[in-house]
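1. fold the following for me, if possible:
(3 chains)
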Amino acid sequence: MANEGFFEKVYQVAKLIPYGRVTSYGAIANYLGASGSARMVGWAMNGSIKKEVPAHRVVNRNGLLTGKHHFQGTNLMQQLLESEGIQVVDNKIQNFEKYFWDPMKEL
DNA sequence: AATATGACGATGC
DNA sequence: TGCATCGCCATAT
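-> Residues are numbered from 1 along each chain as shown, chains lettered A, B, ... in the order given. Below is the predicted model of the structure:
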């Protein structure tokens, strides 16, 4: 209920991430107008796992799956990304710029 | 009310 | 090029 307004926004944007695409926490934060609070986006994702939010499509600006530890399995996040056609090596997305999806730019 | 933490980001060295 | 430090801002305790 209106208590997690910030979180809600993050969830909405994360849900809008197209299939086979990824984005960064900072990009979402920037889109929400909270540029600088990229950490909040990550924190919001913490609860997004319980939701229907594809948090596996959200990584840090290095394209590194930093939050994979928060997923159920050890490499579930990586598997999900690979399932979408994204190459992941050593917890890092290959051709990150190519798969990068900027909410501000796309929306 | 204050302090510590955190799935980040940028800059400095 | 890689590691270390500071800054940001909301949540949790």
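2. ok, A:E52 to A:N60 distance?
-> A:E52 sits 22 Å away from A:N60, going by CB to CB, to the nearest Å. Every C-beta, even on glycine, is put in place using the N, C-alpha and C of the backbone.
3. so between those two, which is more surrounded?
-> Between A:E52 and A:N60, counted using other CB atoms under 10 Å, the more crowded position is A:N60 (14 against 9).
4. so for A:R39, what's the nearest residue that isn't a sequence neighbour?
-> Nearest residue to A:R39 in three dimensions, chain neighbours excluded: A:Y25, at 7.5 Å (CB to CB, 6 or more residues apart in numbering).
5. confidence score at the one you found?
-> pLDDT recorded at A:Y25 is 95.
6. output the below-cut-off pLDDT ranges for chain A.
-> By pLDDT under 70, the low-scoring segments of chain A are A:1-4.
7. tell me the residues of chain A that contact DNA strand C?
-> Within chain A, the positions lying close to DNA strand C (CB under 7 Å from any atom of the strand) are A:4, A:6-7, A:34, A:36-40, A:43.
8. quick check, central residue of chain A?
-> A:V58 (1.4 Å; CA atoms, centre = their mean).
9. assess the claim that that one and A:G26 are in contact.
-> No. Look at A:V58 against A:G26 with CB atoms under 8 Å: they stay out of range, at 10.4 Å.
10. now the common contact residues for those two.
-> Contact criterion CB atoms under 8 Å, 6 or more residues apart in numbering; residues shared by A:V58 and A:G26: A:V41.
11. for the residue nearest to the centre of chain A, name its beta-bridge partners.
-> Beta-bridge pairing of A:V58 under DSSP bridges involves A:T23.
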